[in-house]
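Colleague: Coordinates only, no sequence provided:
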């Protein structure tokens, strides 16, 4: 019997370290984790998933009542309720993904310490759970849009998918990075909560994009900084897909808030930014770059998760 001591060897991860690739190769485990998140979120609740309908409707009613009726700031804006709700859905998807993803590792610290599984699976699961919770809001948005005369067009449908793709990729990236940082410094979940207070104002939700474009800031550095935010472009793309096609038909002359000849594609600046689709592709590419960088940062930090938890 060989009694020689085993050779010294560096500790290796129990999984291949493929990051997000590992996550989607273990789809069954991911499915179980998503089911666990959904079950725990609504455990002991009478309404359960219905809260995904109730809460956004209450939030929408509050904003619409204060901004649209009490203050009366957008009486000339057609279907302001749809404009508001388009942005609200996009922002809610992003904020829930970001905030829940930030807490994902700490929340599941028992599993992180005991199970050999890709740690990226926890933030990714929160993204899927957020998408499930956002679906009822999207359904309500579609029903309301159809009721006021929504007529989908090819470019609008493409804009809609592009907008949600940007939010999904960017939200996943930030969830990965901040979930790792939150293991070391709990301040990060408070930083994210503070940032969430501003998300409703850095996108055209309470106000139309045209108001910014035609203001004194329309040619300033602030305007270009505003358009450099992927979330802003994503929200405008969603509004292009849902809100713009609800405009009333007008004559052949292009006027503000009209569909010339019934064509949503004729709507452009200042109601929408110049080169909106190009901006969308740029923001999607930038979001993928951010995702790669956040994944690498996550991989560097995950080796110390167990001892810090």
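Modeller: Received it, and whenever you're ready, just let me know what you need. From a predicted model like this one, the values you see are computed outputs, not experimental measurements. Numbering: from 1, shown residues only.

Colleague: make it CA atoms for all contacts and neighbour counts henceforth
Modeller: OK.

Colleague: Please enumerate the helices of this structure.
Modeller: Remark: helices of the chain, listed N- to C-terminal, are 20-25, 27-42, 51-63, 80-102, 104-107, 109-114, 121-147, 154-184, 187-196, 209-213, 221-227, 230-242, 276-301, 305-308; assignment by DSSP state H.

Colleague: what's the most buried one of those?
Modeller: helix 230-242 (a mean of 27; mean count of other C-alpha atoms under 10 Å).

Colleague: quick one: contacts of it?
Modeller: Outside helix 230-242, the residues that touch it by C-alpha atoms under 8 Å, 6 or more residues apart in numbering are 82-83, 86-87, 90-91, 142, 145, 150, 152-153, 155-164, 166-167, 170, 202-204, 226-227, 272, 276-277, 279-280, 283-284, 287.

Colleague: give me that answer again for 7 Å
Modeller: 83, 86-87, 90, 145, 156-157, 159-160, 163-164, 166-167, 202-203, 227, 280, 283 (C-alpha atoms under 7 Å, 6 or more residues apart in numbering).

Colleague: same thing with stretch 273-292?
Modeller: When contacts are taken as C-alpha under 7 Å, 6+ apart, the neighbours of stretch 273-292 outside the stretch itself are 162, 166, 169-170, 173, 230, 233.

Colleague: how near is the residue nearest to residue 81 when sequence neighbours are not counted to residue 101?
Modeller: Here the nearest residue to residue 81 in space, its sequence neighbours aside, is residue 64; by C-alpha to C-alpha, 6 or more residues apart in numbering that works out to 6.5 Å. For residue 64, the distance to residue 101 under the criterion C-alpha to C-alpha, to the nearest Å works out to 29 Å.

Colleague: for residue 156, same thing?
Modeller: Spatial separation of residue 156 from residue 101 under the definition C-alpha to C-alpha is 30 Å.

Colleague: before we move on, what about residue 182?
Modeller: Taken as C-alpha to C-alpha, the span from residue 182 to residue 101 is 10 Å.
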